[in-house]
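> dropping the sequence and predicted coords here.
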Amino acid sequence: MSSSSSDPANILGGDNSNLWRCIDRDNVHGLNLADPDDAKETIKPWDQRENTEKFAESNVDDQVIIHVPFSQNVRLRSVLLKLGRGEVAPVHLRIYANHPNIVDFSEAETTKAQLDISLLQGEPGVVEYPLRVAAFASINSVSLFFSESVGGDVSRIYYIGFKGDIRELKKDKNPQMDIPAANAADAPLFDRLQDKASGQQTTAR
């Protein structure tokens, strides 16, 4: 595929649909990173999207989970990615919506993802991946699970961005009703996974 495949992102990524300002960057974090703070380095303003000096890179193998919370509810239409090339290019991406926290990798393998795709290889710039809007209609956080790098050892991520719009909540709405039905139904599962993950932090998997 030619580099023109990223043209839609290059044209539209800098407009008002870019949700960079809605990302709670201070609370972006990841699992299995060479430096835990590097997860934040993938969250850049649009004009810095091609910067390759700062990035997140996996540690003991090619699997990385980066958790991105938003400062307000948003509707996601696409995810924008600039990834490593060659041996450090991840091949597979799963996105989990509205996770209260990152679970460990074994739990992620058994949890249903809202998106499960193969990533384009060899693209030098930012690539836009459209999302099924119905599955990402009211989002407060996403967890991105990158895996299966070309070289099999290291995955590298330079830039993560999102396009969509802010969900306006009514002032007089009952706060207990703000949780989407699907999210509320999944809450017991997520609580169980979170408790299990926290209880196994010091246990070798």
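All right, it came through fine. Remember, predicted model here, so these are calculated numbers, not experimental data.

> who are the contact partners of Gly84?
Taking C-beta atoms under 8 Å, 6 or more residues apart in numbering, we find Gly84 in contact with 55, 57, 90, 149, 154-158. C-beta: built from backbone N, CA, C; applies to glycine.

> cool, and Tyr129?
Taking C-beta under 8 Å, 6+ apart as the test, what Tyr129 contacts is 78-81, 93, 117, 119.

> are any of these buried, and if so which?
With burial judged by 16 or more other C-beta atoms under 10 Å, the buried subset of those is 78-81, 93, 119.

> with secondary structure, pLDDT and distance to Leu19 added, can I get those in a markdown table?
Putting the buried ones among the contacts of Tyr129 into a markdown table (DSSP: H, G, I helix; E, B strand; the rest coil; pLDDT from 0 to 100; distance: C-beta to C-beta, whole Å) gives the following:
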| residue | secondary structure | pLDDT | distance to Leu19 |
| --- | --- | --- | --- |
| Ser78 | strand | 97 | 10 |
| Val79 | strand | 98 | 10 |
| Leu80 | strand | 98 | 10 |
| Leu81 | strand | 98 | 14 |
| Leu93 | strand | 97 | 18 |
| Leu119 | coil | 98 | 20 |
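
> any idea which of those is closest to Asn32?
Set against Asn32, the nearest of these by C-beta to C-beta is Leu93 (15.0 Å).

> my read: the closest one touches Leu115, true?
Yes. Between Leu93 and Leu115 there is a contact under C-beta atoms under 8 Å: 7.1 Å.

> before we move on, the earlier item: which of the buried ones among the contacts of Tyr129 sit farthest apart?
Between any two of these, the greatest separation by C-beta to C-beta is 13.8 Å, found for Ser78 and Leu119.

> now the residue most central in space within the chain: how far from Arg167?
In the chain, the residue lying closest to the centroid (C-alpha atoms, centre = their mean) is Leu144, at 3.4 Å. Taking C-beta to C-beta, to the nearest Å as the measure, Leu144 falls 20 Å from Arg167.

> and for Lys82?
Using C-beta to C-beta, Lys82 is found at 27 Å from Arg167.

> which parts of the chain are helices?
Here the chain has its helices, by DSSP state H, at 7-12, 105-110, 181-199.

> could you give me the average pLDDT of the second one?
If you average the pLDDT over helix 105-110, you get 83.

> with just CA atoms, put that helix into PDB.
C-alpha atoms of helix 105-110 as PDB (Å, rounded to 0.1, in the frame of the first residue of the first chain):
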ATOM      1  CA  PHE A 105      -2.000  -9.700  29.700                       C
ATOM      2  CA  SER A 106      -3.600 -13.100  30.400                       C
ATOM      3  CA  GLU A 107      -6.800 -11.500  31.400                       C
ATOM      4  CA  ALA A 108      -6.800  -9.300  28.300                       C
ATOM      5  CA  GLU A 109      -6.500 -12.500  26.200                       C
ATOM      6  CA  THR A 110      -9.800 -13.700  27.600                       C
END
